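> okay, predicted coordinates and the sequence, questions at the end:
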Amino acid sequence: MSAEPGHSWIRDQSGKPKVVVLGVPDRERVRATLERLRPAISDHAEILAEDLDFKYDFSQSKPDLVIVLGGDGSILQTVRQMGARQSAVLGVNCGRLGFLAALSPDDFLNVWPDVSRGAFKVVDYLMLQTSIIREGRVIAQQLALNEAAILGGPPYRILDIDLYADGALATRYRCDGLIVATPIGSTAHNLSAGGPILRRHLQAIVISPISPHTLTYRPLVDSADTVLELTVTEPNESTSIVVDGRILGRFLPGDRVRIERAEQTFRMLSVKGHDDYRALRDKLGWGGSVPPKRSSL
């Protein structure tokens, strides 16, 4: 029943699956949605924890499924919280865009009985490992679901950013910043910077300069297995490495940033009817006309 290849998210078929419910702190809509969904969830699954503070310790137990109440930002926070112990995720949209958190509360109630029986599959999506290297040692690391970026910051001088691919110098960008995005992240900051949209199941990355100072620089799509390293000749006072919207660290002279395929993947439940093209039409206002489905009779 899955639109894409995948595997079951339920590890032990003999009992109820184990779930953790996460949600945005201090959001009345999230609390109301949890109250509404809790009876249905508990009918078909064992709830290990309800965490509306994003403090649950995933090192203590590994649930079969994490149900995230909120928006795409909540899913990004969930990925950071899980760290190396990634579980399958199902997002319920209590926010605005909901590109990843695609299900409405009504949708969730309709599909949950089938989901809890393992009718839908988990699909693994690419994530990136971002490392700051200073004086030959890694001083900070973070998983990226959307993107890793070098952003200039004040005093807003143009940056000279050298890009190395698998150890070889590829080019020097003169720009305000540089984004390295996953396929999932291609519809986030990368899209705003003029980069292309990638299908989410592709094993690829996109490199997009921000406001480049020459017409010859264009976004580049490369293999997900390419190891990238970035240096900045003269970083500004507040030039930073930003991962999924959070500052990982300040970029100092002599620093290198390594971006490579992470061992972990983002494991998202594939719910029938919620595919990439529908998301582009419904969430991003992609134009064009879609003909009605023909009757099979």
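It's in. Residues are numbered from 1 along each chain as shown.

> mind checking the longest helix of this protein?
helix 28-44 (DSSP state H).

> what residues sit buried inside that one?
Going by neighbour count (16 or more other Cβ atoms under 10 Å), the buried part of helix 28-44 is V30, R31, T33, L34, L37, I41. For the C-beta atoms, the positions are set from N, CA and C on the backbone; glycine is no exception.

> elements contacting it?
Contact partners of helix 28-44 among helices and strands, from 3 or more Cβ pairs under 8 Å, 6 or more residues apart in numbering; DSSP states H and E: strand 18-23, strand 46-51, strand 65-70, helix 105-116.

> nearest to V180, out of these?
Nearest of those to V180, taken as Cβ to Cβ: strand 65-70 at 24.6 Å.

> show the average pLDDT along the closest one.
Along strand 65-70, the predicted local confidence has a mean pLDDT of 95.

> that strand to strand 46-51, inter-axis angle?
Interaxial angle of strand 65-70 relative to strand 46-51 (axes from the mean of the first three to the mean of the last three Cα atoms, to 10 degrees): 30 degrees.

> which residues are in contact with strand 65-70?
Surrounding strand 65-70, the residues in contact under the criterion Cβ atoms under 8 Å, 6 or more residues apart in numbering are 9, 17-24, 27, 30, 33-34, 37, 41, 45, 74-75, 78, 82, 87-95, 101, 269.

> doesn't R281 lie inside a helix?
Yes. The assignment for R281 (DSSP: H, G, I helix; E, B strand; the rest coil) places it in a helix.

> mind checking the end-to-end distance for stretch 57-72?
Taking Cα to Cα, to the nearest Å, stretch 57-72 runs 21 Å from one end to the other.

> deepest of the helices and strands packed on helix 28-44, which one?
strand 65-70 (a mean of 26; mean count of other Cβ atoms under 10 Å).

> now that strand against strand 18-23, angle please.
Our comparison of strand 65-70 with strand 18-23, counting by the same axes, to 10 degrees, yields an angle of 10 degrees.

> packing partners of the helix or strand that strand 65-70 is followed by?
Sequence order places helix 72-82 as the next helix or strand after strand 65-70, per DSSP states H and E. With contacts defined as 3+ Cβ pairs under 8 Å, 6+ apart, helix 72-82 has these neighbours: strand 18-23, strand 65-70, strand 88-93, strand 137-144.

> all the helices of the stretch 151-297 of the chain, in order from the start?
All helices of the stretch 151-297 of the chain, identified by DSSP state H, counting those that start in this stretch, fall at 189-192, 276-284.

> rank those helices by mean pLDDT and give me the bottom one.
Set side by side, the helices of the stretch 151-297 of the chain show their lowest mean pLDDT on helix 276-284, which sits at a mean of 74.

> how far out from the middle of the chain is it?
Counting by Cα atoms, centre = their mean, to the nearest Å, helix 276-284 is centred 16 Å from the centre of its parent chain.

> now for it, which elements pack on it?
The contact analysis (3+ Cβ pairs under 8 Å, 6+ apart) places helix 276-284 against no helix or strand.

> need the phi and psi values for the residue lying closest to A88 once chain neighbours are set aside.
With sequence-adjacent residues excluded and distances taken as Cβ to Cβ, 6 or more residues apart in numbering, A88 is closest to W9, at 4.0 Å. With angles defined as degrees, to the nearest 10, W9 sits at phi -90, psi -10.
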